[in-house]
Structures are given as C-alpha cells and as structure tokens.
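Participant: next one to model:
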Amino acid sequence: FDPLLIESKTAATAVLMLSSPEEEVLIKACEAIYKFASKGDENKVTLLGLGAVEPLYKLISHENPTVRRNAITVFGIMASNPDVRKLLRELDATNSLISRLAPEEDVVIHEFATLCLAHMASEYTSKIQIFEQGGLEPLIRLLGSPDPDVKKNSVECIYLLVQDFQSRAAVRELNIIPALLELLKSEYPVIQLLALKTLEVISNDRETRVILTEHQGLDQLLKILETKEFSDLHVEALAVVGNCLEDVDTMQSIQRSGGLKKLLSFIEVSTIPDVQKNAVRAIAKAAYDSENRKILNEHEVEMCLVNLLGNDNDGVKAAASQAISAMCENLASKRAFGPQGIPQLVQLLSSDNEEVKESAVVALANLTAASPSNASAVAEAEGIEPLINTLSAQRDGAVANAAAVLANMAMQEPLRLSVLSQGAMRALVGPLRSTNSRVQSTAAFAVAAFACDADARTELRNANGLGPLIELLRSRNDEVRRNACWAVMVCASDEPTAIELCRLGALENLEEINLSTGHKNNFSKGALEKLLDNNLSQKYGQMGYLSSSNIITDGFYDCGQIQPGVKFLSLEELSKQELTDRRAIIFINAKPQNTVPIPFRPKSVCIKCSGGELFCWSNFKNYSILKKGYIIFYVRKGKVKREEEKVKEEDVQIIPEVQDEVNIENVPWSPPCDIVLLEYINDASKTILPLTTTWKQVVALAQFVADKMGGPIERDRLHDFGWELHISEIEFELKCNVVPIGKVKKGTFYHRALLFKVIADRIGIGCSLVRGEYNRAWNEVKLVDDSPQGITGLLLPPQEYIIDLMFEPGNLMKQGSAEADRYKCI
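Facilitator: The predicted structure follows:
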C-alpha cells in the first residue's frame with residue numbers, strides 16, 4: 001500500500017488514530033494529543049469525552065519505547081484533571097505507571113510517570129493503591145536521578161504519600177533520610193522546599209528523628225538557617241527542627257553544639273514574621289518535655305518569649321503565647337513570666353484577632369493555675385474586665401480558658417469579691433448554655449468556685465443561670481456532669497436557691513444520676529444531700545426523715561409523703577388551691593407578720609416600734625399626741641386593719657416625701673404568722689429550757705406537746721379520738737387545705753412529732769423526725785443514761801430513744817425495743 005499523508009484538524013481524528021496498528025501513526029497521534037492537552041483544562045475534558053484515556057492506557061505498556069514515552073507524556077499532562085484521575089483509578093493505571101519507573105526506562109518516561117503519580121497521590125484512594133502496589137521503593141530510588149524534574153516529581157509524590165502513617169513507617173524502613181538530606185543541597189529551591197516539607201511530616205515519628213540526628217540532619221538544617229540566601233526555606237527548616245527538639249537527647253545535643261543559643265538569637269534577630277512564628281513553635285514543641293523545659297529555662301527563654309508578645313504580627317503573638325503556656329509547667333518559668341508577661345497577655349485579651357485572644361487567655365489560665373501570686377498579678381493588671389468580656393468570645397477555647405482563669409482567681413477571697421462585683425456570675429450564664437463540653441465543664445467549675453458567696457448565688461438565680469446549670473446534669477460527658485454536680489452542691493447552700501433548684505428539677509436529675517453506677521460521682525450524692533438539707537419541706541416529703549442537724553425554720557410545711565413523679569408544690573401554690581378532702585398541709589411560721597406602711601399624704605411621719613417595724617402616720621400636724629398613741633395599718637389578705645399602739649418619742653422619724661399610694665397586690669406573699677405556735681415556743685423557752693438535764697427537758701417537752709395536742713390517749717380508745725374531724729373543721733373554717741400547726745388542738749402522731757421537733761429545734765434539743773406508715777411519725781433522741789449505782793464519773797455512750805407523745809407522754813422507749821416497735825406500729 002502506498003504511503004498516505006492525511007492532514008487532520010480535529011482532536012477526534014487523533015483519538016481514532018490511537019487505535020491504529022501502525023507505530024508511526026501512534027507516535028504522531030500521541031504528540032498531537034499532548035500538544036492539544038497542554039493548552040488548557042478544557043481540552044483535557046474534551047479528550048476525556050472523546051474516549052482518549054482508554055487507548056492511551058493501553059499504549060503506556062506498548063512494546064515500542066517511543067510509543068510508551070509519548071503515551072506517558074499525555075497521561076502526565078491529563079492527570080491534573082480530577083475526572084481523568086477518577087477514570088485512571090477505575091482502570092487501575094497506577095500499577096502500569098509504577099512499572100514504568102524501572103531503571104531501564106527512558107528519563108522522559110520517568111519524568112511524566114512520576115508527574116502522573118504525583119497528581120494521583122493527591123487523593124486518598126490513589127495513595128492506598130500506590131502504597132499497596134509497591135510504588136514507594138522506585139520513587140525513593142528516583143530521588144537520586146540526575147534529572148531535576150524526576151527528582152522534583154518523585155519527592156512531591158512521596159510528600160503526598162507520607163501524609164498517611166503507613167507510608168511514613170514504610171519510607172523510614174526504605175532509608176529515605178539520606179536521599180532527602182542530599183536533596184537539601186540541590187540548586188533548585190523547589191526541590192529543597194519539597195524535601196524539607198517531607199522531612200517535616202516524617203519527623204513527627206520519633207524513630208525517624210533518631211535516624212535524622214544520626215545522619216547529622218540537624219547540622220544541615222542549622223546551616224540553612226544561618227544562610228541568608230536560603231531565607232525562603234527558613235520556615236520549613238524550623239518546622240523540622242521543632243519536631244527534632246521534642247526529644248531530650250536531641251535537645252541536649254543541640255545545646256552542647258551551641259545550636260540552641262543560635263536558634264534563640266535567630267528568633268530575636270529575624271525580621272520575617274513567619275520565621276519568628278515557626279521558631280517559637282519549635283520552642284513550644286520542645287517545652288512539652290520536662291527536661292527540655294529545664295534546658296530552655298537555663299537559657300532564659302522566658303525573656304525572649306515575653307519580648308515577642310509585643311511583636312506587630314498577630315501570628316507571632318499567638319505563637320509566643322502558646323510557648324508561654326507550654327513553659328508554665330516549669331515552676332521557675334511560671335514565676336519568671338508573672339511580673340512582665342501577665343500585663344502584656346492581659347492587653348492581648350482586647351485584640352481583634354481571635355487566635356491571639358485565645359492563645360493569650362490559655363497562657364493566663366496556665367500561669368494562674370495553683371499560683372496565687374500570678375492570679376493577683378492578673379487583677380493588678382486590670383485583667384478582670386477583659387476576662388469577663390472574653391466569656392462571650394467567638395472561640396470556645398477562649399471562653400473555656402477565661403472561665404478557668406476566673407476560677408483560679410476565685411480561690412482568694414479579695415479577688416473573688418472583686419470579680420463578682422463586675423458581674424462575673426451573670427456573664428457565666430452564656431457559657432453554661434454552650435454546646436461545647438469543655439466550655440460547659442469550665443463554666444460549671446467557675447460557678448462552683450464563686451457560688452460560695454451568698455450574693456453570687458443570688459445574682460446567678462436572678463440571671464436565670466440555674467436552669468442551664470441543671471441541664472448540664474443530663475450531660476453525657478463525665479467531667480461536665482461532675483462539675484455541674486459540684487456547682488449545684490455549692491449553690492444549694494441557702495434555702496431560696498435550693499428551693500429554686502428543686503423547682504427546676506435538680507432533685508430528679510441528681511436522683512437519676514445516683515441510681516446509675518456509671519454516672520454517679522463524688523459530688524452527686526453530696527449535691528442531693530445539700531439540696532434537701534436546705535429544702536427541708538421537700539426532704540421530709542420525699543425521704544420521710546429529718547435528722548437532728550436539720551433545723552426546722554419558719555416556712556416549713558408537711559404535705560405528706562410525696563410519690564415518685566409527683567411535682568412538689570410550694571406553700572404559696574398549695575394555699576391557692578381550692579378546699580379538697582385531701583390530707584391537710586401543716587405549716588410552721590412563728591415569725592410575726594410583716595407590716596407595710598401606707599402613706600396618705602405627701603408628708604408623713606414614720607414611727608419605729610419595738611419590733612423594728614416602720615409605720616407611717618399621716619397627721620403630721622398633731623405631732624404632740626404621738627407620745628400617747630398613733631394609728632398603724634396592717635396588710636392581711638388584701639384588707640387594711642387598723643390598730644392602736646404606744647410609741648416612744650425617740651422612735652419618731654419625719655419622712656419629707658413619700659409615694660401617694662402603695663399597691664397591696666405587689667406585696668410578696670408570705671404565710672400568716674401562727675401566734676399560737678409563737679406562744680408555745682415562748683412558754684417552752686421559759687419552762688423547759690431552764691431544766692438541768694436534757695433528759696428532763698425531753699420528758700417535759702413531750703408532756704407539753706401532748707397537752708397542747710389533746711392530752712394522753714388510751715391505746716384502746718385511739719379510734720375514738722376524732723382528730724380527722726377536728727382537722728376537717730379547721731380546713732373548712734380557713735377555706736384552705738393549709739393549716740397552721742397552732743390551730744391543731746387534737747393532733748395525732750404526725751402532728752405531735754412535728755410540733756415536738758419544731759419546739760425542740762428552737763430551744764436547742766437535738767432530735768430527729770421520722771415518718772412512718774398509717775399516719776404515724778415519731779421523734780428520736782440520743783440521751784446518756786445515769787451512771788450505775790455506786791459508780792461515779794463513768795461516761796456512758798448515748799442511747800437512742802423513741803419519745804411517746806400519745807399514750808404515756810414523756811415515756812422514753814429504747815430504739816429497737818418491742819415497746820418502741822409497737823409505738824411505731826411495726
């Protein structure tokens with residue numbers, strides 16, 4: 001057949017020619033396609049659409065070396081397109097490409113095969129294929145190729161492959177270090193740069209760092225740092241040095257050779273921010289080892305880092321702050337940073353750069369941990385306000401560490417009060433609502449540190465911070481849950497906060513935590529006990545027991561045994577319910593009714609009575625009659641009651657201006673004073689308290705209580721006592737289920753036991769209150785028996801007794817005796 005010359009102007013024709021059996025046609029077709037593909041990514045997509053990849057893939061294994069070379073060059077160009085790489089993976093082209101790296105192949109084939117592999121190694125799936133098909137060994141061998149392009153492509157491919165830990169271990173076994181160190185001497189900066197980047201990645205492994213040190217790699221790196229012409233390589237060289245300095249042996253070696261001193265001076269002298277930043281990061285990495293910190297402290301690295309805090313570059317400031325954080329583990333360094341470093345770190349809290357702010361507050365958290373002097377230094381540097389502002393920062397790390405610093409400061413009372421005066425508790429509510437577990441944990445810890453102050457608990461309660469705190473009790477994170485339990489335990493130190501915590505469901509959450517062996521912790525049990533100890537009404541309702549240390553105060557009420565899952569209502573809520581046939585709620589309140597001044601004219605006279613209350617009288621002109629008497633007004637259930645009482649002249653104060661009206665509806669609700677109970681307490685104080693022994697006081701008080709509650713009852717006539725009807729009549733009279741205990745004149749076991757406990761607590765007799773079944777309740781006291789006859793001075797251990805308040809008032813029955821069990825109806 002005579003030769004046929006064809007001129008084609010379309011890529012499609014060239015693609016068709018790739019299927020020709022003639023080698024000359026294949027060579028020319030590949031050349032044409034290479035030129036077309038080199039012109040842009042759109043042309044590569046066009047060739048992919050024309051189906052050029054499949055025939056080209058067959059040609060890279062062609063027996064003709066020129067055909068192979070030209071096909072490989074096309075692949076090397078086209079593999080920059082992700083769609084082409086996807087098809088190459090499907091064709092498993094990596095195996096054929098690796099086989100083209102054989103020593104006998106042409107340098108051009110090596111160049112474009114490594115280029116193609118470098119493109120493919122940018123994706124994880126291809127990395128696995130190259131590793132599993134043995135691509136690392138020929139790539140490392142080609143690092144010694146005389147062709148710079150082959151070196152460049154090979155080291156770039158290796159750099160991408162070693163991002164995976166399996167490849168890092170493999171290249172170490174294949175002895176890659178000498179080849180990479182040799183590339184550092186290359187005249188081409190791009191090759192040096194890729195070699196340094198590869199060293200940076202693989203030197204994260206300690207075994208590799210040891211090999212690098214053995215081959216004098218640190219000396220080469222330091223030479224690069226000392227050479228100004230290599231300033232574009234300093235950042236990467238410092239990153240490798242930083243990895244190497246993590247090892248104590250390397251640190252000691254570089255110290256002996258004077259390299260550490262050079263490195264520190266290099267940090268101070270350099271004017272390139274990225275270089276300074278990476279040099280400081282190298283110091284920070286080294287500082288994570290305790291021996292390294294000692295060496296750095298000996299070289300006075302602290303002053304160098306403090307100076308860098310004033311750098312103009314935000315990246316350098318952040319890196320210096322991070323290095324300070326690492327160095328704080330050394331106590332000498334922590335002390336050295338305090339005087340000069342803390343004021344500068346406080347200034348950085350106001351930075352607009354979030355990374356700088358976070359790094360500075362982390363450093364402050366480490367500096368103030370277990371260091372009262374540094375905590376005081378933060379306050380002296382006026383750091384409280386910026387720290388509180390940082391609690392609303394964008395980064396969770398900044399918020400968490402700001403809370404940690406404030407918690408560290410709270411360990412000293414003057415600092416705690418200073419922080420609280422600037423609204424710290426209100427500012428902590430936001431972090432409590434965070435979704436980040438670390439922020440939640442440190443915020444709860446800070447609340448626990450500050451809530452020992454009563455004003456702090458009030459502020460947290462008023463800022464609606466108790467709700468988010470209780471939510472943290474449900475956290476799945478152990479540390480968050482632990483710190484939340486701690487905070488609840490501290491917050492429950494006063495009755496108003498404890499009642500609010502119970503209202504918000506803290507009790508149920510703590511009970512659930514304590515039932516779980518995996519969730520309960522050292523603070524969950526303490527929090528539950530503290531919560532109930534400061535909310536005795538709920539404690540008695542749920543647990544049916546009050547110890548001798550649980551002192552009943554005004555506002556206590558007994559609403560019977562609370563069943564699981566039933567909401568515990570406040571006394572105010574119970575008092576507003578309509579009258580029902582349910583068990584009466586017995587409440588305790590011997591506190592005199594508060595009075596409310598009601599002025600009638602712009603000018604009034606304020607009169608102070610003996611009880612401390614202030615009263616207003618409207619007739620300013622008749623001042624002289626105040627010596628004889630005056631009119632006062634009491635607010636009771638929305639009605640004004642007028643009474644007349646004597647007053648001393650010196651108790652009169654003139655108020656120039658007062659409001660014209662007082663809105664009675666806005667007066668806070670409080671239970672009415674139980675005057676009868678107040679009389680009981682006064683009588684008991686006069687008659688029982690003077691008795692010489694506790695035994696006599698207990699017996700006398702038992703008889704006193706029984707006398708006030710209907711007297712002794714015969715056991716056989718208990719069913720005729722009629723206390724239920726009596727209580728119902730009181731409820732009907734009051735039109736309310738809530739009954740003051742002083743109204744009860746026929747009381748059964750639980751009425752008498754409650755009254756005994758109330759009066760005993762007021763006059764200092766220790767006793768417990770226990771609820772039984774079938775309307776039973778009793779008091780337990782611990783008393784010391786008299787010495788046996790004929791023996792004096794013998795101190796016997798106290799015995800526990802049950803007090804009979806019903807049948808033989810004053811009879812003391814030993815705990816566990818048949819008589820006591822019968823009384824308890826066991």
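
Participant: what residues does stretch 804-816 touch?
Facilitator: For stretch 804-816, contacts defined as CB atoms under 8 Å, 6 or more residues apart in numbering pick out 695, 698-700, 702-703, 705-707, 709, 711-715, 718, 748-749, 752-753, 756, 778-781, 783, 799-803, 819-820, 823. To be clear about C-beta, it is placed using only N, CA and C from the backbone, and glycine gets the same treatment.

Participant: strands of the stretch 51-200 of the chain, residue ranges please.
Facilitator: Assigned by DSSP state E, counting those that start in this stretch, the stretch 51-200 of the chain shows no strands.

Participant: now the helices for it?
Facilitator: 53-59, 65-78, 82-90, 93-99, 107-120, 124-132, 136-141, 148-161, 165-173, 177-183, 189-202 (DSSP state H, counting those that start in this stretch).

Participant: same check, this time on the stretch 701-826 of the chain
Facilitator: Under DSSP H, counting those that start in this stretch, the stretch 701-826 of the chain gives helices at 723-734, 749-763, 818-823.

Participant: and if you look at the stretch 201-350 of the chain?
Facilitator: 206-214, 217-226, 234-244, 248-256, 259-269, 273-286, 290-298, 301-308, 314-327, 331-348.

Participant: of these, which is nearest Ile675?
Facilitator: With CB to CB, the closest approach to Ile675 among the helices of the stretch 201-350 of the chain belongs to helix 331-348: 59.6 Å.

Participant: so what's the closest residue to Ser321 other than its chain neighbours up against?
Facilitator: Distance criterion CB to CB, 6 or more residues apart in numbering; nearest residue to Ser321, sequence neighbours excluded, is Ser359 at 3.6 Å. By CB under 8 Å, 6+ apart, the residues touching Ser359 are Lys317, Ala318, Ala319, Ser321, Gln322, Ser325, Leu348.

Participant: how close does Ser359 sit to Gln163?
Facilitator: 26 Å (CB to CB, to the nearest Å).

Participant: I'd say Lys277 and Lys317 touch.
Facilitator: No: in this structure, Lys277 is not within contact of Lys317 by CB atoms under 8 Å, at 9.3 Å.

Participant: who has more neighbours out of the two?
Facilitator: Neighbours per residue, other CB atoms under 10 Å: of Lys277 and Lys317, the larger number sits with Lys317, 27 against 24.

Participant: wait, isn't that one in contact with Gln347?
Facilitator: No: counting by CB under 8 Å, Lys317 stays clear of Gln347, with 10.0 Å between them.

Participant: still on that earlier bit, out of the helices of the stretch 701-826 of the chain, nearest to Asp247?
Facilitator: helix 749-763 (67.5 Å).

Participant: other SSEs contacting that closest one?
Facilitator: Identification of packing neighbours for helix 749-763 by 3 or more CB pairs under 8 Å, 6 or more residues apart in numbering; DSSP states H and E yields helix 675-687, helix 694-708, strand 768-771, strand 777-783.

Participant: where does this protein have low pLDDT?
Facilitator: 1-2, 4, 593-668, 786-795, 826 (pLDDT under 70).

Participant: any idea how it splits into domains?
Facilitator: 413-534, 571-590+672-825 (the TED database).

Participant: now the last one, how far from the chain's geometric center?
Facilitator: For domain 571-590+672-825, the separation from the chain centroid amounts to 47 Å (computed by CA atoms, centre = their mean, to the nearest Å).

Participant: now the end-to-end length of that domain.
Facilitator: 30 Å (CA to CA, to the nearest Å).

Participant: for the first one, same thing?
Facilitator: Domain 413-534 stretches 24 Å from its first residue to its last (CA to CA).

Participant: stretch 126-142 now?
Facilitator: From the first residue to the last, stretch 126-142 extends over 20 Å; the measure is CA to CA.

Participant: what comes up buried for stretch 513-533?
Facilitator: For stretch 513-533, the buried set under the neighbour-count rule, 16 or more other CB atoms under 10 Å, comprises 513-514, 519-521, 523-524, 526-528, 530-533.

Participant: how about the residues you listed, which pair is most distant?
Facilitator: Longest span within the buried residues of stretch 513-533, CB to CB: His519 and Asp533, 22.1 Å.

Participant: turn the domains of the chain into TSV, columns for distance to Ser231.
Facilitator: Converted to TSV, those look like this (distance: least, CB to CB, whole Å):
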stretch	distance to Ser231
domain 413-534	39
domain 571-590+672-825	76
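
Participant: what's the closest of the ones you listed to Pro564?
Facilitator: Closest of those to Pro564 is domain 413-534, at 8.9 Å (criterion: CB to CB).

Participant: what's the offset of that closest one from the middle of its chain?
Facilitator: On CA atoms, centre = their mean, the centre of domain 413-534 falls 11 Å from the chain's centre.

Participant: could you check what's spatially nearest to Ala410, not counting adjacent residues?
Facilitator: Distances taken as CB to CB, 6+ apart put Ala449 closest to Ala410, at 3.8 Å, once the chain neighbours are dropped.

Participant: and the one you found, how many neighbours?
Facilitator: Residues near Ala449, counting by other CB under 10 Å, number 24.

Participant: residues contacting it?
Facilitator: Here Ala449 is in contact with Leu406, Ala407, Ala410, Met411, Arg416 (CB under 8 Å, 6+ apart).

Participant: try Gln192
Facilitator: With CB under 8 Å, 6+ apart, Gln192 has these contacts: Leu183, Leu184, Ser186, Phe230, Leu233.

Participant: which of the residues you listed lies closest to Ser548?
Facilitator: Ranked by distance to Ser548 (CB to CB), these are led by Leu233 at 78.1 Å.

Participant: wait, the closest one sits on Leu193?
Facilitator: Yes: contact criterion CB under 8 Å: Leu233 and Leu193 qualify, at 6.3 Å.

Participant: which one's more surrounded, those two?
Facilitator: Neighbours were counted for Leu233 and for Leu193 using other CB under 10 Å; Leu193 has more, 22 against 19.
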